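> need a structure here:
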Amino acid sequence: MDTKQDDKLALPQEVILLIVESLAPDNPRKILTPSDERTKTLLTLTRTCKLTSSTASKLLWRYCTYIDSIERLRTFSQALDNLSSKDPRRPISLFLGLLEKDGAGSPKPWPCGRNRPEWPPEKRLKDDKDHALQVQKLLVKTAPTLQRLTIDMCTEELRQELGDLAQTVLAILRIGFKALVNLEEFVCIGDSFDFGGPQNQLWATCWPKLRCVSLDIQIENGEDYPIFGQMVRLPTLETAALTMLVETPPIVNEFLEGLVIEFEKPSTLESVPDRKFLTVAIPGINPEFDDFDAAASGSDPRAQVFLIDLCHFEGRAELFQRGGDTSYHLTTRWIRQTALNGTLWERARVGSGSWSGCTPTEDFVNPNSIHPLLYSSPI
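A predicted model of the protein is given here:
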């Protein structure tokens, strides 16, 4: 074949790089799953040629930091070791929701699956400590650059354990999370992330740059809402999306009143005189939820509260007929999917329970479709 003709048919390098860069999501906060076709394509492009490798690698580290297994946690951490401390590819976003597999059974969430009776106690002891140390190691490594973190880890089960093992695992994890001093956005799916008791929340005391937080809150009978004081005293916090998966959501005015009380406390005003406007959204499924398109307003202009009804989607009737804990299923699914597609905070700020871009009635990630090569080698 004529070499000159080949040269004429070749695309300019600039065009090739633009094609690679077009694989990046429109939303800079979005995290792509390993099964996403864009993730697979970017991974292939890191191994195609030198021209595409650098740009594809940059986009992988930027948008594909989705860790859903113990093995992927280890290989991702090893790949991170190949990046210098000043490498611009170091991750600023991360999803961490670990599954572990024992034998031929289906993967189980960690640490939720830690009490399975078929596992010998000595195996649980070794595995739980090892997994916790792996998580701690990764968090410490990413701490200098990590700004956005979403976790799907049930620490509540560990907190309910009274044994030394559970306390050891919690202590190991706490060290890792405490190191995230540059974190600006944090989502904890279906869990209260309570490492220090209700009056000493880690997210409120160790992350001075935190602007957005989402977690589950649990209110004991007769207890006030200590989380209000923690939110108000964190001057950078602007948006909170709180779920109440095992409680009856309060009326809007009750929540707003609690916020206003904290805003008006003299000690609060002295410590954070320049407190930013705070929006609190409470998404969920509740028969008493009507249509909350507008925020509740109160006497303090620095606070607003939304109750977000998640019941408006096609196929709702069929889903509710399946039975089970539909409220928990839908609420955690909405939080997870909006966090991953980067729209949680903008929806929380306007009280929108839209399922646009989400799948309320289908599996969001099929574990069997996860690409086996992702993070199998340094990228």
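> Spatially central residue in the chain, please.
Central residue of the chain (C-alpha atoms, centre = their mean): Thr150, 1.5 Å from the mean position.
> beta partners for the closest residue to it other than its chain neighbours?
Nearest residue to Thr150 in three dimensions, chain neighbours excluded: Val187, at 4.2 Å (C-beta to C-beta, 6 or more residues apart in numbering). Just so you know, the C-beta spots here come from the backbone N, C-alpha and C atoms, and that holds for glycine as well. Beta-bridge partners of Val187, counted by DSSP bridges, are Thr150, Ser214.
> I'd guessed Val187 sits against Ile151; true?
Yes - judged on C-beta atoms under 8 Å, Val187 makes contact with Ile151 at a distance of 7.2 Å.
> Could you chop the chain up by domain?
11-64, 80-361 (automatic domain parsing).
> returning to that earlier point: wait, isn't the residue nearest to the centre of the chain in contact with Asn341?
No - look at Thr150 against Asn341 with C-beta under 8 Å: they stay out of range, at 11.0 Å.
> on contacts alone, who are the packing partners of the longest helix seen in the chain?
When the chain is parsed with DSSP state H, its longest helix is helix 121-142. Where contact means 3 or more C-beta pairs under 8 Å, 6 or more residues apart in numbering; DSSP states H and E, helix 121-142 is packed against helix 70-80, strand 93-100, helix 164-178.
> Tell me which of the ones you listed lies nearest to Thr243.
Counting by C-beta to C-beta, Thr243 lies closest to strand 93-100 out of these; the figure is 16.1 Å.
> Could you export the helices and strands packed on helix 121-142 as CSV, including mean pLDDT and mean neighbour count?
What follows is the helices and strands packed on helix 121-142, written out as CSV (pLDDT from 0 to 100; neighbours: other C-beta atoms under 10 Å):
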stretch, mean pLDDT, mean neighbour count
helix 70-80, 93, 18
strand 93-100, 91, 21
helix 164-178, 88, 17
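> mind putting the ones you listed in a markdown table, distance to Arg233 included?
Output for these, formatted as a markdown table (distance: least, C-beta to C-beta, whole Å):
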| stretch | distance to Arg233 |
| --- | --- |
| helix 70-80 | 34 |
| strand 93-100 | 26 |
| helix 164-178 | 18 |
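> Let me know which of the ones you listed is the nearest to Val135.
Of all these, helix 164-178 sits nearest to Val135, with 5.8 Å by C-beta to C-beta.
> helices and strands of the chain: which one bottoms out on pLDDT?
helix 3-9 (a mean of 54; mean pLDDT, DSSP states H and E).
> buried ones in the helix or strand just after it?
Once the chain leaves helix 3-9, the next helix or strand it forms, by DSSP states H and E, is helix 13-21. For helix 13-21, burial by neighbour count (16 or more other C-beta atoms under 10 Å) applies to Ile16, Leu17, Val20.
> Now do the first one against Ser54, distance only.
This points to Ile16. 12 Å (C-beta to C-beta, to the nearest Å).
> try the last one
Plainly put, Val20 is 9 Å away from Ser54 if you go by C-beta to C-beta.
> Ok, the second one next?
Remark: distance between Leu17 and Ser54 (C-beta to C-beta) = 9 Å.
> do Ile67 as well
From Ile67 to Ser54 the distance is 23 Å (C-beta to C-beta).
> neighbour count winner among those two?
Legend: neighbour count by other C-beta atoms under 10 Å for Ile67 and Ser54, higher for Ile67 (23 against 14).
> in which helix or strand would I find the more buried one?
Here Ile67 sits within strand 66-69, counting by DSSP H and E.
> Please enumerate the strands of this protein.
Secondary structure of the chain (DSSP state E): strands at 66-69, 93-100, 108-109, 148-151, 185-188, 212-216, 239-243, 278-284, 303-309.
> Any idea how far the last one is from the middle of the chain?
Centroid separation between strand 303-309 and its chain, computed with C-alpha atoms, centre = their mean, to the nearest Å, is 21 Å.
> and that strand with strand 278-284, angle?
Interaxial angle, strand 303-309 versus strand 278-284 (axes from the mean of the first three to the mean of the last three C-alpha atoms, to 10 degrees): 20 degrees.
> What residues sit buried inside strand 303-309?
Ala303, Gln304, Val305, Phe306, Leu307, Ile308, Asp309.
> so which of the helices and strands packed on helix 121-142 gets nearest Arg349?
Arg349 lies closest to strand 93-100 among the helices and strands packed on helix 121-142, at 19.4 Å (C-beta to C-beta).
> contacts for that closest one?
Identification of contacts with strand 93-100 by C-beta atoms under 8 Å, 6 or more residues apart in numbering yields 29, 31, 62-63, 65-70, 73, 107-110, 113, 127, 131, 135, 138, 142, 146-153, 189, 339-340, 367.
> Provide the strand pairings for that strand, with the direction of each partner.
strand 66-69 (parallel), strand 108-109 (antiparallel), strand 148-151 (parallel).
> Can you lay out those strands as a markdown table showing distance to Ala166?
Below are the strands paired with strand 93-100 laid out as a markdown table (distance: least, C-beta to C-beta, whole Å):
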| stretch | distance to Ala166 |
| --- | --- |
| strand 66-69 | 22 |
| strand 108-109 | 16 |
| strand 148-151 | 18 |
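> which one of the ones you listed has the lowest average pLDDT?
Per-stretch mean pLDDT for those is lowest at strand 108-109 (a mean of 74).
> how about low-confidence regions in the stretch 251-379 of the chain?
Along the stretch 251-379 of the chain, segments meeting pLDDT under 70 span 251-252, 266-274, 286-300, 315-325, 362-379.
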